[in-house]
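Asker: Quick one: sequence and predicted model below, then my questions.
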Amino acid sequence: MSIPQALTGFSSKAYFSLDQATAWIDTVAAGLAERPGQGEGAYICVPFPLVDRFVTALGPLGVEIGVQDLSAHPLGAYTGEVPAELLAALGARYTMVGHPERRKYQGETDELVRAKIEAAVDAGIVPILVCGEPTADDDPVPVLTEQVERAFGGLPEGAEVIAAYEPTWAIGAPQPAPPEHIARTVEALRGVLQNTVSEFRIVYGGSAVPGTYADIAGAATSAAQTPEGIFLGRGGLDADRFLASVDEVRAHAPAER
């Protein structure tokens, strides 16, 4: 299955209770059912216990469901771990890897991130690498080059990956990174990915909200500077705002690259 050209993603982090997740699903399902293309290009990354509920409710509309983490270990005696093979069987299509919050709170290293990526690819799950420079004063290009090469270098030919450009300094900030900065960095990141993997897409996250993708597309001077989509966090907790971003990405994503 190829990755759609225009991607609208949302990670619920650990915000949703079961009741909140159910209400979000109901609103999004009703909204997508009324749209041409329904859920094509939409993807949602949720905690493990919600995977089946989201797959059942939104999968028939074309929404693809992912997780926010998975185990580097296969099926076996690994108490508390959630293996990629099990998640794939439950319908998980994507997994996030390398998010700064997991590096900070769970102490995840580049080596562990790489092991999780390999486990995901082996199970047919597309890894979404969260990558970006630590501070606004950093040059993003060498940082992204190292992150991408460590994460994706040497993967099997044809392995599909997504790079989510999320500068650490923009995550949880009041505003996303400036659109001109994002556009320039996306172009540089595209060059790094082209030298590393054969099948990739780029999305922007980092305090993304409705309007962010249109701003990036407006600042871009070429299709290469425009990411294939957006990756909302808090900005997608309101279901109507997520639906607005679906419309926005579809309206502004380049038809060809």
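Answerer: It's in.

Asker: Helices along the chain, start to end?
Answerer: Listed in chain order, the helices of the chain (DSSP state H) span 18-33, 51-58, 84-89, 100-105, 110-122, 140-152, 179-194, 212-219, 239-252.

Asker: Of these, which is nearest Phe200?
Answerer: helix 179-194 (4.6 Å; Cβ to Cβ). C-beta here means a position set from N, CA and C on the backbone, and glycine is covered the same way.

Asker: Okay, buried residues for the closest one please.
Answerer: 179, 181-190, 192-193 (16 or more other Cβ atoms under 10 Å).

Asker: Same list (the helices of the chain) but as TSV, adding mean pLDDT and distance to Leu129.
Answerer: Formatted as TSV, the helices of the chain follow (pLDDT from 0 to 100; distance: least, Cβ to Cβ, whole Å):
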stretch	mean pLDDT	distance to Leu129
helix 18-33	98	25
helix 51-58	98	20
helix 84-89	98	15
helix 100-105	97	12
helix 110-122	98	7
helix 140-152	98	5
helix 179-194	98	10
helix 212-219	98	19
helix 239-252	98	20
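
Asker: Make a markdown table from those helices and add distance to Ala173 to it.
Answerer: Shown next, in a markdown table, are those (distance: least, Cβ to Cβ, whole Å):
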| stretch | distance to Ala173 |
| --- | --- |
| helix 18-33 | 24 |
| helix 51-58 | 27 |
| helix 84-89 | 31 |
| helix 100-105 | 12 |
| helix 110-122 | 23 |
| helix 140-152 | 16 |
| helix 179-194 | 13 |
| helix 212-219 | 12 |
| helix 239-252 | 17 |
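
Asker: and of those helices, who's closest to Leu70?
Answerer: helix 84-89 (5.0 Å).

Asker: Using CSV, list the CA coordinates for the closest one.
Answerer: Extracted in CSV, the C-alpha atoms of helix 84-89 (Å, rounded to 0.1, in the frame of the first residue of the first chain):
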residue,chain,number,x,y,z
ALA,A,84,5.0,-4.8,16.2
GLU,A,85,3.6,-8.1,15.0
LEU,A,86,0.7,-8.0,17.4
LEU,A,87,0.0,-4.3,16.5
ALA,A,88,0.0,-5.0,12.8
ALA,A,89,-2.5,-7.8,13.3
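
Asker: ok now it, how far from the chain's centre?
Answerer: 18 Å (Cα atoms, centre = their mean, to the nearest Å).

Asker: which residues does the nearest residue to Val51 once chain neighbours are set aside contact?
Answerer: Of all residues not flanking Val51 in the chain, Leu90 sits nearest, at 5.1 Å (Cβ to Cβ, 6 or more residues apart in numbering). For Leu90, the contact set (Cβ atoms under 8 Å, 6 or more residues apart in numbering) comprises Val51, Asp52, Val55.

Asker: does Tyr204 really touch Ala163, like I thought?
Answerer: No: the pair Tyr204 / Ala163 is not scored as a contact, 9.9 Å apart, by Cβ atoms under 8 Å.

Asker: Quick check: buried residues in stretch 16-28?
Answerer: Under the neighbour-count criterion of 16+ other Cβ under 10 Å, stretch 16-28 has Phe16, Ala21, Trp24, Ile25, Val28 buried.
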